[in-house]
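Prediction below, plus the sequence it came from.
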Amino acid sequence: MQPETRKAQPPAKGRPHTATRPVYSTIEAALADALAAHGAILVPKASGRFERFDAPDKPKGNANGWYRIHSPQAASFGFWHSGVSEFVTLHGPTDPDAAALARLNTMRDRDRRDRERQQREAQVAERARRWWTEARPADPAHPYLERKRLPSHNLRQRGEMLLMPMYHDGELVNLERIFPDGSKRTLAGGRVRGVASLIGRLAGDERLLVAEGWSTAAVLHDAMGCPVVVARNADNLTPVARHLRQRLPDADITICGDDDRHLPARGLTNKGRVAARHAALAIDARLLMPSFCQGCKTCTDFADVRLCRLGGGHGE
């Protein structure tokens with residue numbers, strides 16, 4: 001008697017074959033395995049933001065790879081130079097039904113987070129406007145102003161804190177608090193990307209400058225008489241510059257960068273110089289960087305240079 005033989009049956013149509021596919025307990029593990037299949041060995045982190053990493057087939061420091069963990073069930077990754085892009089779920093990178101459901105859940109989560117963020121930003125903006133209305137003119141003898149040897153310009157004061165107004169589309173949305181020791185903090189939960197302050201007045205299509213910090217902007221305004229937009233930090237230079245170019249397409253804009261020249265010695269990028277150059281290129285603007293005194297190794301911005309030349313070192 002011949003043993004009975006049966007032909008192997010294909011998986012049912014419309015249902016993915018999962019017999020050999022691992023089911024992961026965390027999206028980080030699923031993403032790590034999917035990346036490893038492309039030669040990228042790393043430990044993903046669930047920051048909710050796009051994270052960059054080196055593509056394994058490019059020189060060190062290329063940052064051509066990217067990934068983002070959207071939710072506890074979904075992530076995506078890819079490589080800019082090759083055009084590879086994949087979606088990953090707890091079932092791995094190629095389960096179409098699970099991927100579709102994960103995309104839907106991701107969209108819902110994103111909409112929910114956006115609503116919550118907008119509510120927080122609206123509450124902070126209301127508090128910022130209240131504080132700004134209640135604040136008194138800044139004391140010229142405030143330790144920060146005395147150390148920087150600068151007038152108060154557009155600052156006000158609440159208790160021991162100096163307040164710098166931060167606007168978006170003409171509305172006050174946040175405040176930067178400057179403490180006597182020079183430390184600076186915005187109101188937590190408020191809008192920060194693309195917001196800016198202004199020293200001087202914008203009268204239309206004219207020359208204007210964009211700088212990182214308030215003290216640098218104040219020094220440039222006093223020296224050149226131009227209105228100066230304060231972007232707050234290097235990361236915000238390009239968003240602020242783009243917004244200005246949209247509002248003032250014919251304005252003569254100069255990006256005034258910080259020179260973080262101490263960072264390369266620590267193996268880091270000169271963030272101030274790079275960010276200023278990117279902002280200038282993004283809007284076809286001029287670029288102005290500080291020139292330092294011979295032998296000076298501590299100054300990084302125009303405010304530092306001014307104090308250095310006045311013989312008082314540079315304040316924080």
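The structure has been received and is ready for your questions.

Find me the pLDDT at the closest residue to residue 235 other than its chain neighbours, would you?
Nearest residue to residue 235 in three dimensions, chain neighbours excluded: residue 275, at 6.8 Å (Cβ to Cβ, 6 or more residues apart in numbering). The way it works is simple: take the backbone N, C-alpha and C, and place the C-beta from them, glycine included. Confidence at residue 275, expressed as pLDDT, is 96.

Tell me the secondary structure of residue 275, please.
helix (DSSP: H, G, I helix; E, B strand; the rest coil).

which residues touch it?
Residues in contact with residue 275, defined by Cβ atoms under 8 Å, 6 or more residues apart in numbering, are 234, 235, 237, 238, 257.

count of neighbours near residue 169?
Neighbour count of residue 169, defined by other Cβ atoms under 10 Å: 9.

Need the mean per-residue confidence for the one helix or strand residue 242 maps to.
Element membership for residue 242 (DSSP states H and E) is helix 237-247. Averaging pLDDT along helix 237-247 gives 95.

in it, what's buried?
237, 238, 239, 240, 241, 243, 244, 245 (16 or more other Cβ atoms under 10 Å).

and stretch 47-55, C-alpha only, in CSV?
Output for stretch 47-55, consisting of C-alpha atoms alone and laid out as CSV, is shown next (Å, rounded to 0.1, in the frame of the first residue of the first chain):
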residue,chain,number,x,y,z
SER,A,47,11.0,59.7,20.4
GLY,A,48,8.1,60.2,18.0
ARG,A,49,10.4,62.3,15.8
PHE,A,50,12.4,61.5,12.7
GLU,A,51,15.8,60.2,13.8
ARG,A,52,18.8,60.1,11.5
PHE,A,53,21.6,57.4,11.3
ASP,A,54,24.4,56.5,9.1
ALA,A,55,23.6,54.3,6.1
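
What are the neighbouring residues in contact with residue 216?
256, 258, 301, 302, 303.

just curious, which of these is nearest to residue 284?
Lowest distance from residue 284 to the contacts of residue 216 (Cβ to Cβ) belongs to residue 256, with 16.0 Å.

Tell me if I'm right that that closest one and residue 213 touch.
No: taking Cβ atoms under 8 Å as the definition, residue 256 is not a contact partner of residue 213, at 10.4 Å.

of these two, who's got more company?
Using other Cβ under 10 Å, the more surrounded residue of residue 256 and residue 213 is residue 256, with 27 against 21.

Please list all residues in contact with the more buried one.
Per Cβ under 8 Å, 6+ apart, neighbours of residue 256: 209, 210, 211, 216, 220, 228, 276, 288, 289, 302.

If I look at it, what pLDDT would I see?
97.

Helix, strand, or coil at the spatially most central residue of the chain?
Note on the chain: the residue nearest the mean C-alpha position is residue 235, at 4.6 Å, using Cα atoms, centre = their mean. Of the three states, residue 235 takes helix under three-state DSSP.

Quick check: it vs residue 266, distance?
Look at residue 235 and residue 266: by Cβ to Cβ, to the nearest Å, they are 19 Å apart.

swap in residue 216?
22 Å.

Which two among the contacts of residue 256 are spaced furthest apart?
228 and 289 (15.4 Å).

helices or strands next to the helix or strand where residue 117 lies in the packing?
Remark: residue 117 resides in helix 96-134, with elements defined by DSSP H and E. In terms of contacts (3 or more Cβ pairs under 8 Å, 6 or more residues apart in numbering; DSSP states H and E), helix 96-134 is packed against strand 65-71, strand 74-79, strand 84-89, strand 156-158, strand 161-168, strand 171-178.

re earlier: go through the contacts of residue 216 and flag which are in strands.
residue 256 (DSSP state E).

Surely residue 53 is in contact with residue 67?
Yes: using Cβ under 8 Å, residue 53 is in contact with residue 67, at 7.2 Å.

quick one: which of those two has more around it?
residue 67 (23 against 18).

how distant is stretch 303-314 from the center of its chain?
29 Å (Cα atoms, centre = their mean, to the nearest Å).

Can you list the buried residues in it?
Across stretch 303-314, burial judged by 16+ other Cβ under 10 Å covers 303, 304, 305, 306, 307, 308, 314.

Give me the mean pLDDT for it.
Mean predicted lDDT for stretch 303-314 stands at 80.

What's opposite the closest residue in space to residue 154 that isn't next to it in sequence in the beta bridge?
With Cβ to Cβ, 6+ apart as the criterion, residue 154 has its nearest non-adjacent residue at 5.5 Å, and that residue is residue 199. Following DSSP bridges, residue 199 is listed with bridge partners residue 228.

can you list the weak-confidence ranges in this structure?
Residue ranges of the chain with pLDDT under 70: 1-22, 94-100, 102-103, 106, 204-205, 312-316.
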